[in-house]
Each structure stands twice: as structure tokens, then as C-alpha cells.
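Trainee: when you get a sec, could you give me coordinates for this:
(one chain, ligands or ions: 1)
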Amino acid sequence: MMNETITEKPDFDFENFTFGVQATDQMLVAKYENGSWSNFQIGPVKNISLSPLAMCLHYGQTVFEGLKAFKTVDGKVNIFRLESHFKRMNRSLERMAMPPLPASCFIDGIRELVNKESHWVIDDPEYALYIRPFAIATENKLGVDASHEYLFMVVLSPLKAYYNRPLRVLVETTYIRSARGGAGAAKNGGNYGASLLPQQKAKQAGFDQIIWLDASEKKYIEESGTMNIMFILNGKTLLTPALSDSILDGITRDSILKLAPELGLEVEERTIQITEILDRVGAGEKVEAFGVGTAAVISPIKEISYKDELFETYVEEDAVMYRIKNKLSEIRRGISPDHFGWSDLV
Ligand code: COI
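Mentor: Here you go, the predicted model:
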């Protein structure tokens with residue numbers, strides 16, 4: 001394996017690009033066979049070859065993660081919450097009957113890959129290098145079973161603002177994202193695939209995204225699009241649905257909950273009826289609503305539509321959600337101290 005670190009800026013238009021269509025130059029690959037993971041290899045990004053019988057193409061044994069590397073103000077590269085993403089990857093793998101990854105593959109592998117590609121982590125507060133680790137079942141077999149062979153790969157892709165304006169969201173009352181006992185807490189590709197049709201219909205009806213309700217009563221808020229959802233009531237209380245096996249244990253969600261007391265916010269994690277939020281908005285309370293996830297960090301929601309009624313949430317410049325976003329960005333860029341040990345400097 002080569003060890004030199006390239007320092008010059010890549011030949012890439014960092015001002016104008018679409019997220020996720022450009023990989024950097026190198027990727028990581030490790031194989032699982034005969035009951036264990038091989039050591040990772042890092043090499044040029046290239047196509048992979050699979051048999052049409054490969055199990056990932058048929059029964060959805062796929063798991064992914066998403067995390068980011070930032071440039072700190074003193075010129076280092078910070079992989080944010082690498083350890084937490086490693087743990088969640090293994091929880092998702094377990095749920096999908098896939099073998100856990102050793103830290104020597106996920107943690108050491110990502111550190112080495114990002115180090116080699118550190119010239120893709122540019123100094124811009126709006127920019128991050130998105131890290132996409134994923135695992136797929138590769139055994140060739142049409143019988144429905146857990147595969148005995150897997151590939152683990154990591155690719156990197158430049159990212160700026162994921163959504164660049166406050167969103168209009170539709171409370172989805174027909175489809176659901178995930179049910180109790182299902183796989184909604186795992187980062188399995190199928191969860192995202194199943195969300196595309198409702199998302200498409202919402203778009204056709206003029207909305208940017210969906211708010212998902214619980215599967216059994218369609219009363220309680222679960223997530224927003226591919227993100228967790230949070231509310232700030234009257235600038236004081238941060239409210240978010242309590243985790244369950246139908247809600248993804250978001251790492252941005254967790255970071256915000258841990259930072260909230262420092263920002264003077266009270267935190268409530270509990271079940272939230274959609275009507276509670278809309279009643280509060282209707283009664284003139286100042287309600288901020290926003291999606292939280294790694295890709296977009298915080299996505300302000302400006303309108304919520306529920307059963308053909310429209311509710312306007314608070315998105316003015318002094319909204320608390322923007323302060324949270326800044327605080328997170330300052331920690332990631334080494335401007336504010338990291339009391340939580342979230343930064344992994346490579
Ligand atoms: C995130 O918010 O980080 C997500 O999971 C979205 C991702 C699938 C692009």
C-alpha cells in the first residue's frame with residue numbers, strides 16, 4: 001500500500017457540483033469470506049464486478065453509513081464521530097444478519113483512506129468530504145438466506161449544502177417508513193428504497209419532503225424524509241421523538257441533544273402527536289421545525305401540510321436552530337472546544 005499523502009488541490013470545481021455524483025480518486029475494499037473479514041485494501045476508484053446471482057441484488061442485504069470529514073481552522077482534517085458511526089454500522093449489520101466489521105477495518109481503514117485523500121478536504125465552512133462506507137452480500141445464490149460472503153467498501157464524495165432553502169413538508173398519511181419490529185433503525189438500503197415513491201408523490205404535490213408518522217396509529221411523528229426531526233418550542237425547549245426500533249439513531253440527533261443544554265435549551269425526548277405540534281402553531285406559539293442528519297446537518301422546515309391544512313413554522317434569522325448549526329460547525333472546525341471527544345484528527 002502506498003503511503004504518500006497528496007497535498008495539491010484536485011482538479012475539481014468545488015464551487016459548482018452536485019452531491020454524490022463524483023467520487024474522489026481512491027476507495028477502500030475489504031472482503032468477507034470463510035468466516036472472517038480480510039484486511040482492507042486502498043486503491044483507485046473502479047467498478048466492481050458481481051454475478052447476477054449475487055445476493056445483494058435480490059434480497060436487500062445492504063447496509064451503509066454516512067459521515068463527514070472537515071478541515072479545521074488550524075489545517076487538520078477532522079473525521080466527525082467516527083467511533084459512533086462504526087458502532088451504528090455494526091448495529092445495522094447485525095439487524096441485517098451480516099457479520100460485524102472489526103475496528104481495524106472500519107476505523108483504521110477510514111482514517112487511512114481520508115488521510116490519503118486529505119487534499120479533497122478543502123478549507124470552506126460550507127464544505128465537507130462525505131464518507132460513504134457500505135457493505136453488500138456477494139454470495140451467488142438465489143435461495144433466500146443470509147449470505148456467507150460480503151464486500152465492505154468506502155467511497156468519498158464532496159458535499160456542500162444538501163438542501164439550500166427551508167423546506168415545505170407533507171405529513172404522510174398513506175405510506176409509512178417503518179414499523180415496530182421492522183428494520184427502521186438500521187441503515188439498510190431497503191428503508192430508503194421504500195421511501196422513494198411517497199417522496200416522489202409529495203414532490204409532485206409541491207412539497208420538498210415528508211414527515212413520517214408511526215405505522216400503527218398514524219398519529220405520532222417519527223422522522224422527516226431521510227432525517228430525524230426536531231422542534232424548538234418558544235426558543236426554549238428542544239423536542240424530538242424518543243428513539244425506538246422504527247427510528248434511526250441519528251448521530252447528528254445525538255450531537256444536538258448533547259449540545260442543547262450548553263445552548264440553554266431544555267430537552268424533551270418523547271412521543272409527539274402531530275396534532276400537538278400543529279395545535280401549538282395554530283395557537284400562535286413560536287415553533288421551529290427541522291430535519292437533522294449527517295448530510296444536511298439541519299434542514300429548516302418552513303411549512304407543514306397535514307390533511308390539506310397548511311401550518312407555518314418559524315424560520316426567521318434569530319431561530320435557535322441556526323445557533324445549533326453554528327455551534328456544531330464550530331466544534332467540527334476546531335473553533336469551539338470539543339468536550340465530547342467527537343473529533344478524530346487524521
Ligand atoms: C443523512 O441525513 O445523512 C442521510 O442519511 C441522507 C443520506 C442518505 C444522503
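Trainee: return the set of buried residues in stretch 66-86.
Mentor: The neighbour-count check on stretch 66-86 (16 or more other C-beta atoms under 10 Å) flags 66-72, 77-82, 84-86 as buried. All C-beta atoms are positioned from the backbone trio N, CA, C, and that covers glycine.
Trainee: could you work out the most separated pair of the residues you listed?
Mentor: Largest separation among the buried residues of stretch 66-86 by C-beta to C-beta: K71 and F86, giving 22.0 Å.
Trainee: and stretch 135-153, how far apart are its ends?
Mentor: End-to-end distance for stretch 135-153, by C-alpha to C-alpha, to the nearest Å: 6 Å.
Trainee: what's in contact with that stretch?
Mentor: 27-33, 37, 40, 48, 50-51, 53-56, 58-59, 61-64, 89, 93, 97-99, 101, 105-106, 133-134 (C-beta atoms under 8 Å, 6 or more residues apart in numbering).
Trainee: quick check: phi and psi at G282.
Mentor: As for G282, its main-chain torsions (degrees, to the nearest 10) stand at phi -60, psi -30.
Trainee: give me the nearest residue to it, chain neighbours excluded.
Mentor: F311 (6.9 Å; C-beta to C-beta, 6 or more residues apart in numbering).
Trainee: report pLDDT for that neighbour.
Mentor: Per-residue pLDDT puts F311 at 97.
Trainee: not counting sequence-adjacent ones, nearest residue to A194?
Mentor: R177 (7.3 Å).
Trainee: pLDDT below threshold where in this structure?
Mentor: Along the chain, segments meeting pLDDT under 70 span 1-7, 163.
Trainee: go with 50
Mentor: Residue ranges of the chain with pLDDT under 50: 1-3.
Trainee: could you pull out the helices for it?
Mentor: Here the chain has its helices, by DSSP state H, at 56-59, 82-95, 103-116, 189-193, 196-204, 251-259, 274-282, 320-332.
Trainee: for those, which one sits closest to F12?
Mentor: In terms of C-beta to C-beta, the element of these nearest to F12 is helix 103-116, at 16.1 Å.
Trainee: give the buried residues for that closest one.
Mentor: Quick answer for helix 103-116 (16+ other C-beta under 10 Å): C105, F106, I107, G109, I110, R111, E112, L113, V114, K116.
Trainee: out of the residues you listed, which comes closest to the ligand?
Mentor: I110 (15.8 Å; C-beta to the nearest ligand atom).
Trainee: what sits against the closest one?
Mentor: Going by C-beta under 8 Å, 6+ apart, I110 touches L28, L67, I79, L82, I131, P133, V154.
Trainee: from A183, how far out is it?
Mentor: Distance, I110 to A183, using C-beta to C-beta, to the nearest Å: 24 Å.
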